[in-house]
Each structure stands twice: as structure tokens, then as C-alpha cells.
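S.K.: I need the structure of the sequence given here:
(one chain, ligands or ions: 2)
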Amino acid sequence: MNKGRLIIVSGPSGSGKDTVLEKLFSKHPEVRLSISSVTRAMREGETKDGKYHFVSREEFLSALDRGEMLEHNVYLGNYYGTPKKPVDDAIREDAEIILEIDVNGAKNIKKLYPDAVSVFIMPPSLQVLKERLSGRGTESHEQIEGRLKIALSEIEHAPKYDYIVINDKLDKAVEDLTAIIMSDRSKTERQINIINEVLNDAESCHW
Ligand code: ADP
Ligand code: 5GP
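M.R.: Ligands and ions are numbered 1, 2, ... in the order given. Take a look at the predicted model:
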């Protein structure tokens, strides 16, 4: 059996993380998504059974007190956190799990799991990022301005990531992220067990 693996996906709001991931999951349903708990309001188009578990501030803080969050951060006044259990389950069950989290969350996860693979989704330009955020039509002008300011500080952290995927043409970005996950799957340390199994078989084999 292989070892489970954490894959961190970050990138400024509007860079296309959700869009790229949705396509990846449609082709690779075996890859799991960590469902974050958030205190922000649900956006148009979001559902209760989507990528977030929408909770009240009180619910979030009690979960935090009970030690149920692996990491958490405050983004534009709202709490966002990664529940610990699904990540532990994925590791125990040898599954890959994607954590779509911001740069602070990524730093904390890398401290806890140095083997986690980190990928930063870059927009091709700031202009395109602005157009995508406005085009999505889910935030007010003021909220978009706030997200763009944070975007610049997030992009400054991009060089710390293991991989950069430029989301210009969507299909190419999905292909690049898939290639990163697939090549990580083939790493020798993840295949040691199969090598050992074959060698063990050979011992009982009479040629
Ligand atoms: P994020 O999850 O990073 O906040 P989204 O996935 O919501 O970003 O994408 C922001 C907007 O940009 C959406 O309206 C989406 O349809 C659009 N978008 C994403 N990727 C591309 C792309 N490669 N080309 C054109 N539009 C894109
Ligand atoms: P949004 O409001 O656009 O869905 O998310 C805002 C930011 O929060 C994005 O950068 C997203 O990656 C990040 N985020 C989402 N979930 C988590 C989480 O559980 N932990 C952390 N640290 N960031 C998160």
C-alpha cells in the first residue's frame, strides 16, 4: 500500500482554484478534498454540500477549543479552518487529500507535514485576476478590492511553494496540476511497499 499524501493548493482569490479543482476531481474522483469550516456567508452558487462546511462563529470557536482544527486562519474578518479528522483518515487510508487553503495555512501545514506537496495557482496577470473576480459576480466592489490587496501579498509567498501552476488556459492548468499529483504518486518512497511485495513473492517462487 502507498502512503497517503497531503496536497496543498493555494492562490489568490479569483485565480481559479475551484474551477481547476472541479475539473481535476471529475477526472480523478479518488483524490479527496478537505472540506474547510468557514464562518463567512454562503456565496451565490455555493451549496451546503459543497467545498465548505458553513458554521457560526461560536461553532467554529468551540471546534477550535476542542482541538478539532488542524490549522485555521482569519481572512477578511472570517474564520477558515481545516478539520483534523478527514486529514487523519486520508493518511490512515492511504488516500490523497487536497487542502485548498491560504498561504498562512500552507505554512502551518508544511510545518506539521513537511512531505505535503504545495502548489500555487497563479493568474496570468493582475488584470486577468481582477476581471475574473469581477466576472464571477459574487462579491461587492469593496470586497473585490480587499481580495486584490491580499492577492499581492499572497503572490509574494508563491516562490516558497513546490510548484506553480499558471491558470491561463484552463485545460492546460488542469493538465499541469494532474501531472504534479501523478508524478508525486510515482515517487519511490510511495512505491516501496510494492517493491517489497514483489521481492517477497520472488522468495517463494521456484523458477
Ligand atoms: P478561486 O477559487 O481561486 O477563488 P474561481 O475558480 O472561483 O477562483 O475562478 C474565478 C472566476 O474565474 C470564475 O468565474 C471562473 O469561472 C473564472 N475562471 C477560472 N479559471 C479560468 C480560466 N482558465 N479562464 C477563464 N476564466 C477562468
Ligand atoms: P474564499 O472566501 O474565496 O472561499 O476563500 C478565501 C481564502 O481562504 C482562500 O485563499 C482560500 O484558499 C482560503 N481558505 C479556504 N479554506 C481554508 C482553510 O481551511 N484554512 C485556511 N488557512 N485558508 C482557507
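S.K.: near ligand 2, which residues of the protein are found?
M.R.: 10, 13, 36, 40, 71, 73, 75, 80-82, 100-102, 104-105 (CB under 6 Å from any ligand atom). Heads up, the C-betas are built off the backbone N, CA and C, glycines and all.
S.K.: sketch out the low-pLDDT regions of this structure for me.
M.R.: Residues of the chain that meet the criterion pLDDT under 70 lie in 1-4, 207.
S.K.: around ligand 1, which positions in it sit nearby?
M.R.: Within the chain, the positions near ligand 1 by CB under 6 Å from any ligand atom are 11, 13-19, 132, 135-136, 167, 170, 173.
S.K.: skipping adjacent residues, who's closest to the residue of the chain found nearest ligand 2 in space?
M.R.: Scanning the chain for the residue nearest ligand 2 gives Gly105, at 2.5 Å (criterion: CB to the nearest ligand atom). Spatially, and ignoring its direct neighbours in sequence, Gly105 is nearest to Glu71 (4.9 Å; CB to CB, 6 or more residues apart in numbering).
S.K.: state the distance from the one you found to Asp49.
M.R.: Note on Glu71: its distance to Asp49, by CB to CB, to the nearest Å, is 23 Å.
S.K.: for the one helix or strand Lys107 maps to, output the C-alpha coordinates as CSV.
M.R.: Per DSSP states H and E: Lys107 is located in helix 103-112. Output of helix 103-112 as CSV, limited to C-alpha atoms (Å, rounded to 0.1, in the frame of the first residue of the first chain):
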residue,chain,number,x,y,z
VAL,A,103,-0.6,31.0,2.3
ASN,A,104,-0.7,31.1,6.2
GLY,A,105,-2.5,27.7,6.3
ALA,A,106,0.0,26.3,3.9
LYS,A,107,2.9,27.4,6.1
ASN,A,108,1.4,25.7,9.1
ILE,A,109,0.6,22.5,7.3
LYS,A,110,4.2,22.3,5.9
LYS,A,111,5.4,22.6,9.5
LEU,A,112,3.2,19.7,10.6
